[in-house]
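A.B. asks: give me the fold of what follows.
(2 chains)
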Amino acid sequence: MALLEVKNLGISFGGLRAVDDFNISIEKGCLYGLIGPNGAGKTTVFNMLTGEYLPTDGSILLNGKNLVGKNPAQICQSGIARTFQNIRLFSKMTVLDNVKVALHNEFNYSLASGILHLNKYKKTEKAMDERALEILEVFDMKEQANTLSSNLPYGQQRKLEIARALATNPQLLLLDEPAAGMNPNETAELMDTIRLIRDKFDITILLIEHDMKLVTGICEQLTVLNFGMVLTTGTPDVVLNDPEVITAYLGE
Amino acid sequence: MKNKKIDKQLIKNIAIIVVVYAVVAGLLYGGFLTRQFRSLLVPVCINVILAVSLNLTTGFLGELTLGHAGFMSVGAYTGALITMNLNLPLVVEFPIALIAGGLMASLFGVIIGVPVLRLHGDYLAIVTLAFGEIIKSLINAMSVTNGAMGLSGIELHANYKHFTFVFILTILTIFAIKNMVNSRQGRAVCSIRDNYIAAEAVGIPVSKFKVMAFVVAAFFAGIAGVIYGHNVGTLKPTTFDYNKSIEILVIVVLGGMGSIKGSIIAAVILTILPEVLRGADEFRMLLYAIVLIAMMIFNSSQLKERILANDIVAKFTKVKKEA
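C.D. replies: Numbering: from 1, shown residues only, chains lettered A, B, ... in the order given. Just a heads-up that it's a prediction; the model follows:
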């Protein structure tokens, strides 16, 4: 059984059918790409997968369990984490705290032990610190742990967002244009990082991206979206040579 | 290494508390304070509690609230009614009044929590403003609170003679809020302020923590109210109108959103300032307003940054600001 199985997903905003009859099936461990021209509905699909939008119809099955109707926090707890196209960090908090927020559900202690600084608080906080630093280490960001996240350079903010998403211990990671605004060097580095986290954290990744170098470089499967509908699905070399896809991007 | 650092800070904080207490208590019990300043001691503590607790919702949760005086009044009336009807020795009845006042206020915190889940920003601010006014009207209309006449003859369990106890309560409040902010729950609250969409996306139950912040803030506002009632001895619904809420908000804004130290310092300054300016007679409120404007401008100016960056000042403020 595929890890994620989306069937006939659709959403309307008033009279606008933003996404229609969207189907996707992602096997565990796959690096899957979702591409398409601007306004095709890629981010809308992400927003439905993470509970931000309620689909008008269709189903989203993660390990066979339907996620439609759950709120974003519940969906995150069921195992889907995401990053955002326009970076959404906790800007007034440190890098370490950004990751620790994401560890919230994994490490637990009561409000009382937090206020009274009981032993449980100290132990759990220490374990959280260790885990958070471990994750930051993967991204080479251990040194910046105490930096305010808004003071990070752009590339590292993107990386921190991925680190934070990983800290929720997801099975499926959704990356919304991870390479947006990055220079070629940063993009190359990002490609290595994405492959690394897939192997190291043993997760499945679905990403939206416009940078074709990144898409062809790391994605094993692609789905092309145009005007809210799936144009085609397949391996990158097949999909990107499809005349319909070329027309969608470049016009007649 | 990190543990050592925290301990060091704790020792520093305790040292500052002891010094502040020793100085104030020395002045008070040594009889060096005029009647005017003596009567300011408890109000300063009350405003510190109010400002620090309001900072939880306004500074850390990031929601502008204009109904903090409402929670305060719920606590004040609950506490006063308990001590007036309970006729037990002070050591028994006053703690009961404090806890009951806090709990009753936090119950109202839950009630306000319901619209909080649906609104943010300006809309929420207006709703909290209305909420405070509703509480005021209710107190005005009920017979148990003696309506517009208010309550009088409340035993003075928290006036300057009991300064030590009030001081301890204030310190406990500061530590409770400070510890909460640095806890898992506090991080969740701050993450909602910074970006609630991202907070949801990393699995934070946003609704729960919004209500939690309001409930905890209301609890301490209720305690401040109980102290207020037992300091002044009389309670009137009009004391707790939106002017009082704004007064607390001004303290929080002046001290800096999300800065507990700032709230404490601003609460002390803004409580004492109107009294110090009493000599200016009819110009008092004008001067107060001008000083307020000057302080706000200074607080967000480069001048302040530069002064704080100065080596000598930095050394001094580093010690003083740990509180």
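A.B. asks: for the rest of this, base every contact and every neighbour count on C-alpha atoms.
C.D. replies: Noted.
A.B. asks: output the below-cut-off pLDDT ranges for chain B.
C.D. replies: Scanning chain B for pLDDT under 70 picks out B:1-6, B:313-323.
A.B. asks: for it, which residues are neighbours of chain A?
C.D. replies: Contact residues (CA under 8 Å from any CA of the partner chain) of chain B with chain A: B:175-180, B:182-185, B:187-188, B:190-191, B:194-195, B:198-205.
A.B. asks: now do the helices in the stretch 1-150 of chain A.
C.D. replies: A:42-49, A:72-78, A:95-102, A:111-116, A:119-138 (DSSP state H, counting those that start in this stretch).
A.B. asks: and among those helices, the most buried is which?
C.D. replies: Highest mean neighbour count of those: helix A:95-102, a mean of 28 (counted as mean count of other CA atoms under 10 Å in any protein chain shown).
A.B. asks: contacts for stretch A:51-71?
C.D. replies: A:1-12, A:21, A:44, A:47-50, A:72, A:75 (CA atoms under 8 Å, 6 or more residues apart in numbering or on different chains).
A.B. asks: give me that answer again for 7 Å
C.D. replies: The contact list for stretch A:51-71, computed with CA atoms under 7 Å, 6 or more residues apart in numbering or on different chains, reads A:3-12, A:47-48, A:72, A:75.
A.B. asks: before we move on, back to that, just the buried residues of the residues of chain B next to chain A.
C.D. replies: Taking 16 or more other CA atoms under 10 Å in any protein chain shown as the criterion, what is buried in the residues of chain B next to chain A is B:175-180, B:182-185, B:187-188, B:190-191, B:194-195, B:198-205.
A.B. asks: returning to that earlier point: which of the contacts of stretch A:51-71 fall in strands?
C.D. replies: Counted as lying in strands by DSSP state E, out of the contacts of stretch A:51-71, are A:4, A:5, A:6, A:7, A:8, A:9, A:10, A:11, A:12.
A.B. asks: could I have the buried ones of those residues as PyMOL selection syntax?
C.D. replies: Here is the PyMOL selection string for the buried members of those, based on 16+ other CA under 10 Å:
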select buried, chain A and resi 4+5+6+7+9+10+11
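A.B. asks: so which of the ones in strands among the contacts of stretch A:51-71 comes closest to residue A:117?
C.D. replies: residue A:4 (41.3 Å; CA to CA).
A.B. asks: so how far is chain B from that closest one?
C.D. replies: As judged by CA to the nearest CA, to the nearest Å, residue A:4 and chain B stand 18 Å apart.
A.B. asks: tell me which element the closest residue in space to residue B:93 that isn't next to it in sequence falls in.
C.D. replies: Nearest non-adjacent residue to residue B:93, counting by CA to CA, 6 or more residues apart in numbering or on different chains: residue B:83, 6.0 Å away. Secondary structure assignment for residue B:83, by DSSP states H and E: helix B:68-86.
A.B. asks: and that helix, what's buried?
C.D. replies: B:68-84.
A.B. asks: re earlier: tell me which two of the contacts of stretch A:51-71 sit farthest apart.
C.D. replies: Using CA to CA, the contacts of stretch A:51-71 reach their maximum pairwise distance at A:3 and A:12, which is 26.1 Å.
A.B. asks: excluding chain neighbours, what is closest to the residue sitting nearest the centre point of chain A?
C.D. replies: For chain A, the residue nearest the mean C-alpha position is residue A:174 (2.2 Å; CA atoms, centre = their mean). Closest residue in space to residue A:174, ignoring its immediate chain neighbours: residue A:82 at 4.4 Å, by CA to CA, 6+ apart.
A.B. asks: contacting residues around the one you found?
C.D. replies: A:165, A:173, A:174, A:175, B:201.
A.B. asks: right, and the pair among these with maximum separation?
C.D. replies: A:175 and B:201, at 12.5 Å, using CA to CA across the contacts of residue A:82.
A.B. asks: secondary structure element holding the residue in chain B positioned nearest to chain A?
C.D. replies: Proximity of chain B to chain A (CA to the nearest CA) peaks at residue B:203, 3.9 Å away. Using DSSP H and E, residue B:203 sits in no helix or strand.
A.B. asks: residue B:15 now?
C.D. replies: Using DSSP H and E, residue B:15 falls in helix B:2-29.
A.B. asks: and the angle from that helix to helix A:119-138?
C.D. replies: With axes from the mean of the first three to the mean of the last three CA atoms, to 10 degrees applied, the angle from helix B:2-29 to helix A:119-138 works out at 130 degrees.
A.B. asks: show the subsequent helix or strand relative to helix B:2-29.
C.D. replies: Using DSSP H and E, the next helix or strand after helix B:2-29 towards the C-terminus is helix B:35-38.
A.B. asks: check which helices and strands that following helix sits against.
C.D. replies: Helix B:35-38 sits against no helix or strand, with contacts defined as 3 or more CA pairs under 7 Å, 6 or more residues apart in numbering or on different chains; DSSP states H and E.
A.B. asks: which bits of the stretch 101-250 of chain A sit near chain B?
C.D. replies: Neighbours of chain B within the stretch 101-250 of chain A, by CA under 7 Å from any CA of the partner chain: A:101, A:102, A:104, A:111, A:114, A:115, A:165, A:168.
A.B. asks: quick one: which two of these are the most distant?
C.D. replies: The most distant members of these, if one measures by CA to CA, are A:115 and A:165, lying 27.3 Å apart.
A.B. asks: test my guess that residue A:77 contacts residue B:203.
C.D. replies: Yes. If you go by CA atoms under 7 Å, residue A:77 and residue B:203 touch, sitting 5.9 Å apart.
A.B. asks: what's the helix or strand for residue A:233?
C.D. replies: Here residue A:233, judged by DSSP H and E, is contained in strand A:229-234.
A.B. asks: correction: residue A:249
C.D. replies: Element membership of residue A:249 [criterion: DSSP H and E] is helix A:243-250.
A.B. asks: chain center to that helix: distance?
C.D. replies: 26 Å (CA atoms, centre = their mean, to the nearest Å).
A.B. asks: contacting residues around it?
C.D. replies: Helix A:243-250 is contacted by residues A:37, A:226 when judged by CA under 7 Å, 6+ apart.
A.B. asks: buried ones in that helix?
C.D. replies: In helix A:243-250, counting by 16+ other CA under 10 Å, buried: A:245, A:248.
A.B. asks: gap between the nearest residue to residue A:74 once chain neighbours are set aside and residue B:194?
C.D. replies: The spatial neighbour of residue A:74 that comes closest, neighbours along the chain excluded (CA to CA, 6+ apart), is residue B:203 at 6.5 Å. Taking CA to CA, to the nearest Å as the measure, residue B:203 falls 15 Å from residue B:194.
A.B. asks: same thing with residue B:243?
C.D. replies: 29 Å.
A.B. asks: over to residue B:133?
C.D. replies: If you measure residue B:133 against residue B:194 using CA to CA, the figure is 29 Å.
A.B. asks: show me the helices in the stretch 51-200 of chain B, by range?
C.D. replies: Taking DSSP H, counting those that start in this stretch as the test, the helices found in the stretch 51-200 of chain B are B:68-86, B:90-116, B:121-141, B:163-181, B:184-194, B:196-201.
A.B. asks: out of the ones you listed, nearest to residue B:44?
C.D. replies: helix B:163-181 (9.7 Å).
A.B. asks: how far is that closest one from where the chain is centred?
C.D. replies: Remark: helix B:163-181 is offset 10 Å from the chain centroid, using CA atoms, centre = their mean.
A.B. asks: ok, residues contacting that helix?
C.D. replies: With contact meaning CA under 7 Å, 6+ apart, helix B:163-181 is reached by A:114, A:115, B:42, B:45, B:49, B:52, B:158, B:186, B:187.
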